[in-house]
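Enquirer: sharing a sequence plus its predicted fold:
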Amino acid sequence: MKRKFIITLFLLIAFIVLLCSLFQVNENEYAVIRQMGKIVSVDEKTGLKIRIPFFQSVEKYTKAMIVYDIPESDVLTSDKKSMIADCYVLWQINDPAAYIRTLGGISLRAEERIEAATYNALKNTISAMTQDDVIASRGETLTGKITAKANSDIGQYGIKIVTAQIKTLSIPDDNRYAVYERMISERQNIAAGYEADGLAKAQKIRNETDKETALLLADAEKEAAILKAEGEEEYMKIMESAYSTTDKTSFYEYVRGLESLKQSLADDTTLILDADSELAKILMGN
């Protein structure tokens, strides 16, 4: 019985030691292993892991991105215009050992460094630009510059800023109206430029259309003149063929004379004719 008790106790102790030796590394987290307070390894592969029980401890830190909302701050542009920037930051741990060594693994300390670095990056970036340039470049270009400058100040802390986004970039009330007026004026100038360009293009199209129309009309008139000349030529050939003999010519002259006489007597006109004229010969039956 004593032997069974000892074996059972040994197995129980071995089971407890085994349980204390195992730990789980989950998806999207770091496992930092300490021995006597000193970091001996960092494990980030998912799965069941083993450690030396009672001598080694495990601390876990997330790999996920963390949102930190930075308070609004005033910044000056290069032309000494005041602007109000409201930002937020997405950050994450990329070196747990450095994060623990420099910041004690405390997220509040990390966010203090992030806030200071982001504000300095925002101030330095905007102070090198005019207000108009800042307004024109809002978006990924400005965000990229601020993010890169902020990361250069916090790399030693084992953290990185994934992105420093500007939620709002507004103008103080005292000069907001003047800026809006200038923006309206600039956009009106741009619209006038587009309108002038459109009118110039429209006039060019009209000129080209008029030119094409004139060329088509000239070609049509030329073709019509050619067809008319050919028709007249054909008509003369037909007439020449129709009156090619003396009898036909005499008959033609007789008919023309009758038509002329008819027109002359249309309005009770009195005609005085020479006895040898063609009309007199017709009237006399000669």
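Expert: Cool, got the structure.
Enquirer: count the neighbours of residue 40 for me.
Expert: Per other Cβ atoms under 10 Å, the neighbour tally for residue 40 reads 13. Any C-beta I mention is one placed from the backbone N, CA and C, and that applies to glycine too.
Enquirer: quick one: the strands in this structure, in order.
Expert: Taking DSSP state E as the test, the strands found in the chain are 22-25, 29-35, 38-43, 47-50, 56-62, 66-76, 82-93, 159-170.
Enquirer: in CSV, list these along with mean pLDDT.
Expert: Formatted as CSV, the entries for those read as follows, by pLDDT from 0 to 100:
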stretch, mean pLDDT
strand 22-25, 79
strand 29-35, 89
strand 38-43, 87
strand 47-50, 78
strand 56-62, 86
strand 66-76, 89
strand 82-93, 90
strand 159-170, 88
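Enquirer: can I get these in JSON lines with distance to residue 144?
Expert: Output for the strands of the chain, formatted as JSON lines (distance: least, Cβ to Cβ, whole Å):
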{"stretch": "strand 22-25", "distance to residue 144": "33"}
{"stretch": "strand 29-35", "distance to residue 144": "27"}
{"stretch": "strand 38-43", "distance to residue 144": "30"}
{"stretch": "strand 47-50", "distance to residue 144": "37"}
{"stretch": "strand 56-62", "distance to residue 144": "25"}
{"stretch": "strand 66-76", "distance to residue 144": "17"}
{"stretch": "strand 82-93", "distance to residue 144": "14"}
{"stretch": "strand 159-170", "distance to residue 144": "9"}
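Enquirer: the lengthiest helix in the chain - contacts with which helices or strands?
Expert: Looking across the chain with DSSP state H, the single longest helix is helix 173-242. The contact analysis (3 or more Cβ pairs under 8 Å, 6 or more residues apart in numbering; DSSP states H and E) places helix 173-242 against helix 131-136.
Enquirer: brilliant, that's me finished.
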